[in-house]
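Student: next come a sequence and a model predicted from it.
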Amino acid sequence: MDSDGVSVPLIHEHLMMPCNDLRRGDCCERLEAISDGYYCTTCDFFVHKKCGDEASECIENPFHSNHPLRLGFLSRLQRQHWLKVVRSCDLCGKNIGDLFYRCEICDFDMDLHCAKYPPLEVIDIPEMHSHKLNLLKDRVEFDCDAKCGKIGYGFPYECHECDSKFHVDCVRYSSSEEVKHPLEVNHSYHSLHPLKLLMGQPPDYSDGKCRLCGRKIDDKLFYHCSSCNFTLDMRCVLNPPPKSVLDLKTHDHQLNLLPRLIFFTCNACGLNGDRSPYACFQCDFLIHKDCFGLPRLININRHDHRISRTSLIGIVNSVCGVCRQKVDWTCGGYSCQRCSTYIAHSKCATREDVWNGKELEGVPEEIEDIEPYVVIDDNTIQHFSHKEHYMRLNVNGLMCEVNKRCNACNHPISPQSFYGCMDCDFILHQNCAGFPRRKWHVLHNERLALVTSEVNIFGCSACHKIFNGFRYEHEDTKLDVLCGSFSEPFIHPSHPHHPLYCISPEDDEVCSGCNERSYHVLRCIEDNCGFILDFGCATFPQVVKHRIEDQPLSLCYGEKASGKYWCDICEKETNPNTWFYTCKDHRASLHTWCVLGDFMGLIPKSTIELWNISYEVVLNNSISRPICRHCKSHCIPPIILKKIGTSDPYFCSLDCIESFKRLWRAK
């Protein structure tokens, strides 16, 4: 066995270390007592040795006989996303773990336990139900008649005599053959009374969390003492944290666990806790269990430099660079040696959506040139994307020439300064020319590279628009240059008095610009403000030229108005409370989509491939607007797609292309 790690290519992409700590994770969501396994420090990913050894790349299963099921695992970023949209086993309804089997064709998921041990087709459990139960072979929605009382969707057990239905897992845990855990345990952290095994939801009087780790009790089985209102989840019963710890990197003295509800401020991270800290009474030192072994030196996606662990922040009235909340300066955290005022809570800096999991202590820092151009003289540069010619600065701009576009963001050259090639038509906005070649971004944990090579099209991971210009990327994350150049604090003209920050929400939030829900948003953190922008609205051009007006159109951030407003482009009603474009004398209120369309990020005259069909990107500037092949109306947006090699080939939107494709396939 390699001391640097074990390669398990079928299970995970990185080297994994031997590990016997069940609290690291649960790949199969079954909490087996045997906890030997492998752990990836990069991804915080744990797999039981048994699960890894017995896994097959592809299996056949009677509950999904149409297609084989393939083994899948969640990467760090995928798990971060899936936690927001909880996925469950389509057979038993239980949340899937980090390993599972999946059919991509049917969007069908099955956890490891159901794949290895399919439920019996007929089962008889008199103590649970007086009749035999039969497993249905068709997925249905049902109300579970067991104690859990939850609505289910999947393959239930059904009683043909009284029409009762039960979750597969509710039947399993009621079967004496399935229950592998003792009904009572005497636990070292609760010596007053034995803990009783319970199933389903915790009692209403409890806080619904494990006393030791604070995790929400969402498993079918847990242990509880009703006299003391003391609850332990299966992880902490089977593999409890140690009673005492001596970790000289964390504290000079031995620390002892206090298994009780107690409000405290952690001396390591400066954040509050509500249960079971480790304590040093000699020093009045309290620490979360999770704050042991914090890395010494790391990169985070909120800051350009490395930040290092410090036992004392020492900067009064300091604010965390991640959550933007006040930091207790008498506690520990992370600070930047180059930027004297930049600090972060320890827990914030080491969050999964902030840190890539790499300890950099002892790793030399990379020194690289990220400047995008070489200065030739005061008005001339040589940009790395166009090394063959020099580019000269034009500070006067052009009056929204729609035929001249920036090769980075693909937006027209408006009354902004720009660099124009002295020998060809290559143009860059002055702002776009200054985008660094490498940068950190709040939406990704690895450094992104500015890529200028031609690409068919890509969907921006932030605003979800399609582009074929310059992009920031790392592996599957691709951001157009406008979204990719975002940095905190962000000042937008629609909200000039307060900066905006990209703070991860619990759920989709409503954008103040378009009133649409979005997950990746920029937020004002001032009390009682509530201003939110999604990346799509945040990157709208402030000034555009449209054929309907001789003068440039300006972006208006909504206004309070009575009466009805009409868009002069589509001739439909507008909502003046949402953002719109207007002319100089404010006579018009034009929908942003009518002005920009779906294809604003595509280079005119380029050829793209969309759903295996080739299209030409066309400026909609002819005297007679073409008819859309699907919606049969005159194409409104300034850029449309022309299907190559057919008559009547135009499409005005992505929706029209997708709807036409579905109708064509149905014929």
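Tutor: All right, it came through fine.

Student: ok, His303 - contacts?
Tutor: With contact taken as C-beta atoms under 8 Å, 6 or more residues apart in numbering, His303 is in contact with Gly321, Cys336, Cys339, Tyr342, Ala344, Trp440. In this view, the C-beta of every residue, glycine as well, is placed from N, C-alpha and C.

Student: report the mean confidence score over stretch 265-282.
Tutor: Per-residue pLDDT values over stretch 265-282 give a mean of 88.

Student: quick one: buried ones out of the contacts of His303?
Tutor: Buried residues within these, counting neighbours by 16 or more other C-beta atoms under 10 Å: Gly321, Cys336, Tyr342, Ala344, Trp440.

Student: could I get those residues as a markdown table with distance to Pro604 and pLDDT?
Tutor: A markdown table is the format used below for the buried ones among the contacts of His303 (distance: C-beta to C-beta, whole Å; pLDDT from 0 to 100):
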| residue | distance to Pro604 | pLDDT |
| --- | --- | --- |
| Gly321 | 41 | 89 |
| Cys336 | 44 | 91 |
| Tyr342 | 43 | 91 |
| Ala344 | 44 | 91 |
| Trp440 | 32 | 92 |
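
Student: on that earlier part again, looking at the contacts of His303, which is nearest His411?
Tutor: Proximity of the contacts of His303 to His411, judged by C-beta to C-beta, is greatest for Trp440, which lies at 24.3 Å.

Student: now the helices for this protein?
Tutor: With DSSP state H, the ranges of helices along the chain come out as 49-54, 76-82, 112-116, 168-174, 234-238, 346-349, 430-433, 481-484, 535-538, 592-596, 654-666.

Student: may I ask which helix or strand of the protein has the lowest mean pLDDT?
Tutor: In the chain, no helix or strand scores lower on mean pLDDT, DSSP states H and E than helix 76-82, which sits at a mean of 46.

Student: looking at the buried ones among the contacts of His303, spot the one nearest Leu198.
Tutor: So of those, ranked by how close each gets to Leu198 (C-beta to C-beta), first place is Ala344, at 39.6 Å.

Student: for beta bridges, what are the partners of Leu619?
Tutor: In this entry, Leu619 is beta-bridged to Ile639, by DSSP bridges.

Student: need the per-residue pLDDT for it.
Tutor: Per-residue confidence (pLDDT) for Leu619: 87.

Student: so it versus Pro626, what's the distance?
Tutor: To Pro626, Leu619 is 11 Å away according to C-beta to C-beta, to the nearest Å.

Student: for His546, same thing?
Tutor: Between His546 and Pro626 the distance, using C-beta to C-beta, works out to 17 Å.

Student: so for the two, which residue has more residues nearby?
Tutor: Between His546 and Pro626, counted using other C-beta atoms under 10 Å, the more crowded position is His546 (22 against 17).

Student: any idea how far that one is from Ser308?
Tutor: When distance is defined by C-beta to C-beta, His546 is 52 Å away from Ser308.

Student: same question for Ser191.
Tutor: Remark: distance between Ser191 and Ser308 (C-beta to C-beta) = 42 Å.

Student: the two: which is more packed in?
Tutor: Neighbour tally, Ser191 and Ser308, criterion other C-beta under 10 Å: the higher count belongs to Ser308, 15 against 8.

Student: ok so, going back, so can I have JSON lines of the buried ones among the contacts of His303 showing distance to Val245?
Tutor: Compiled in JSON lines, the buried ones among the contacts of His303 are given as follows (distance: C-beta to C-beta, whole Å):
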{"residue": "Gly321", "distance to Val245": "29"}
{"residue": "Cys336", "distance to Val245": "29"}
{"residue": "Tyr342", "distance to Val245": "30"}
{"residue": "Ala344", "distance to Val245": "24"}
{"residue": "Trp440", "distance to Val245": "33"}
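
Student: now, which of those residues lie within strands?
Tutor: Secondary structure assignment by DSSP state E places Ala344, Trp440 of those in strands.

Student: now Thr310: closest residue in space, sequence neighbours ignored.
Tutor: With C-beta to C-beta, 6 or more residues apart in numbering as the measure, Ser335 is the residue that lies nearest to Thr310, at 5.2 Å, once sequence neighbours are left out.

Student: ignore the last one, Glu616
Tutor: Residue nearest to Glu616 in three dimensions, not counting chain neighbours: Lys642, with 4.5 Å by C-beta to C-beta, 6+ apart.

Student: burial check on that neighbour, number of neighbours?
Tutor: The burial count assigned to Lys642 is 17, neighbours taken as other C-beta under 10 Å.

Student: that one and Cys652 touch, don't they?
Tutor: No. Taking C-beta atoms under 8 Å as the definition, Lys642 is not a contact partner of Cys652, at 10.9 Å.

Student: now do the end-to-end distance for stretch 488-497.
Tutor: Taking C-alpha to C-alpha, to the nearest Å, the first and last residues of stretch 488-497 lie 15 Å apart.

Student: check stretch 381-389 too.
Tutor: Across stretch 381-389, the straight-line distance between its terminal residues is 9 Å, by C-alpha to C-alpha.

Student: in that stretch, which residues are buried?
Tutor: The neighbour-count criterion (16+ other C-beta under 10 Å) identifies Ile381, His383, Ser385, His386 as the buried residues of stretch 381-389.
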